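**Student:** Need the 3D shape of this:
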Amino acid sequence: MTHTNPTITLIMAGRRRRQGRWILVTSLLAVLACVLCCAMLMLGNTVYPVKDVIRALSGEQIKGVSFAVSTIRLPRMLAGLFAGFAFGVAGYVFQTMLRNPLANPNVIGITSGSSVAAVFCIVVLQASGAVISVASVVAGLATVILIYLLSRGKAFSIGRLILIGIGIQAMIDAAISYLMLISAEQDLPAAVRWLTGSLNGAQMDRLPPLMIAVLICTPIIIVLGKQLNLLELGEQAATSLGVDTDKSRIALIVSSVCMIAIATATTGPIAFVSFLAGPIAKRLVGIGFSNIIPAGLVGINLVLAADLIGQFATPYRFPVGIITGLLGAPYLIFLLVRMNRKGEL
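**Tutor:** Numbering: from 1, shown residues only. Take a look at the predicted model:
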């Protein structure tokens, strides 16, 4: 008769509890995302019943319903869905890989790099959506490469990377302000709306690059999930466990930047979603399993819920970026105060 080691039994029981919690929370987040997607399709100036929405999506022509659902609400919902997932996953990757909740694309300047390229295309080149997407990706990658190279020094430093990223972001924001000042008056509304982060005006023909980026880059990040978790232990620990830190970090950065740059080109830089999604997912799911998918689902829920609040909670309609900014700014202040008290700043 074999006897099981009590310690192993306890460890396995804890693992099963954590796995059960991961499955439960992830499932609930997915259900909530589906509910919000349905709400995005049903709600508007006119509220349509579920059966009419389904008929319109299946291709049946219903007066008033088909145009509103297929041309306006469906692209808006899909833009929020894929952009929210991209922002959530990318933010979680950077925060985990760099072991700092401040190290997200919004704070360290990556989103600003994509933004300045998009604003330049809008107000100077007056370019189309495809050109804006390509320029945003190239500028986002160039920004992260610059920040990464400047932060290496004799050895890679997370603190140095964050400080350099904040400095680069300030410079880029100044460039954006200059472009806004010299832009033609008729281009200002489009640029301001884009910089705020909005799902208004989402069109189906502009969504394929974002969808393709998410569908290609997400599996790559999931495959690298083990290396990502080991990078969270630190450079030396990850190296001692057989991780090629430079290659893993570059692959994760390129995949994340591609997603977030194209998402930014599609919807504008929706504030604080990449900053909030990872910590919320970690708090809900706990530790022990990868939070890549939960962070993406939290990002979806944040964007869709914020857009619904912006549309219907007040007599005025606000872009989604304003609502997420109102949610994220207090958390950023709280995080800075807590880190300062712990001596982490």
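**Student:** Can you list the residue ranges for strands in the stretch 151-300 of the chain?
**Tutor:** For the stretch 151-300 of the chain, applying DSSP state E, counting those that start in this stretch gives no strands.
**Student:** where does it dip in pLDDT?
**Tutor:** 153-157 (pLDDT under 70).
**Student:** how about the helices in it?
**Tutor:** Assigned by DSSP state H, counting those that start in this stretch, the stretch 151-300 of the chain shows helices spanning 158-182, 188-196, 208-223, 225-231, 235-240, 245-267, 273-285, 292-312.
**Student:** can you count the residues close to P49?
**Tutor:** Using other C-beta atoms under 10 Å, P49 has 10 other residues around it. Bear in mind the C-beta positions are built from the backbone N, C-alpha and C, glycine included.
**Student:** wait, what's in contact with it?
**Tutor:** Counting by C-beta atoms under 8 Å, 6 or more residues apart in numbering, P49 touches M42.
**Student:** any chance of the helices of the stretch 151-300 of the chain in CSV, plus mean neighbour count and distance to P105?
**Tutor:** Listed next are the helices of the stretch 151-300 of the chain as CSV, based on neighbours: other C-beta atoms under 10 Å; distance: least, C-beta to C-beta, whole Å:
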stretch, mean neighbour count, distance to P105
helix 158-182, 16, 9
helix 188-196, 17, 15
helix 208-223, 17, 14
helix 225-231, 19, 16
helix 235-240, 14, 21
helix 245-267, 24, 5
helix 273-285, 24, 5
helix 292-312, 25, 12
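**Student:** looking at these, which is closest to A142?
**Tutor:** Closest approach to A142 among those is made by helix 245-267 (9.7 Å; C-beta to C-beta).
**Student:** how about that closest one as CSV, C-alpha atoms only?
**Tutor:** What follows is helix 245-267, C-alpha atoms only, in CSV (Å, rounded to 0.1, in the frame of the first residue of the first chain):
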residue,chain,number,x,y,z
THR,A,245,15.9,36.6,-21.5
ASP,A,246,16.8,38.8,-24.4
LYS,A,247,15.0,36.7,-27.0
SER,A,248,12.0,36.1,-24.9
ARG,A,249,11.7,39.8,-23.9
ILE,A,250,12.1,40.9,-27.6
ALA,A,251,9.4,38.5,-28.8
LEU,A,252,7.0,39.5,-26.0
ILE,A,253,7.7,43.3,-26.7
VAL,A,254,7.2,43.0,-30.4
SER,A,255,4.0,41.0,-30.1
SER,A,256,2.6,43.4,-27.5
VAL,A,257,3.6,46.5,-29.3
CYS,A,258,2.1,45.3,-32.6
MET,A,259,-1.2,44.7,-30.9
ILE,A,260,-1.3,48.0,-28.9
ALA,A,261,-0.1,50.1,-31.8
ILE,A,262,-2.7,48.8,-34.2
ALA,A,263,-5.4,49.1,-31.5
THR,A,264,-4.2,52.7,-30.9
ALA,A,265,-4.4,53.4,-34.6
THR,A,266,-8.0,52.0,-34.7
THR,A,267,-9.6,53.6,-31.6
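**Student:** tilt between that helix and helix 273-285?
**Tutor:** Interaxial angle, helix 245-267 versus helix 273-285 (axes from the mean of the first three to the mean of the last three C-alpha atoms, to 10 degrees): 110 degrees.
**Student:** Show me how far helix 245-267 is from its chain's centre.
**Tutor:** 11 Å (C-alpha atoms, centre = their mean, to the nearest Å).
**Student:** helices or strands next to it in the packing?
**Tutor:** Applying 3 or more C-beta pairs under 8 Å, 6 or more residues apart in numbering; DSSP states H and E, we find helix 245-267 packed against helix 74-97, helix 110-120, helix 129-152, helix 208-223, helix 225-231, helix 235-240.
**Student:** For A313, which of those is the nearest?
**Tutor:** helix 74-97 (16.0 Å).
**Student:** list the contacts for the most centrally placed residue in the chain?
**Tutor:** The centroid of the chain falls nearest to F87 when counting by C-alpha atoms, centre = their mean (0.6 Å). Residues in contact with F87 (C-beta under 8 Å, 6+ apart) are 105, 260, 263, 270, 273-274, 277, 299, 303.
**Student:** now do 6 Å
**Tutor:** For F87, the contact set (C-beta atoms under 6 Å, 6 or more residues apart in numbering) comprises 263, 273-274, 299.
**Student:** L150: which of those is nearest?
**Tutor:** S274 (21.4 Å).
**Student:** Now A238: closest residue in space, sequence neighbours ignored.
**Tutor:** L230 (4.4 Å; C-beta to C-beta, 6 or more residues apart in numbering).
**Student:** does the one you found really touch L241, like I thought?
**Tutor:** Yes. Using C-beta atoms under 6 Å, L230 is in contact with L241, at 5.5 Å.
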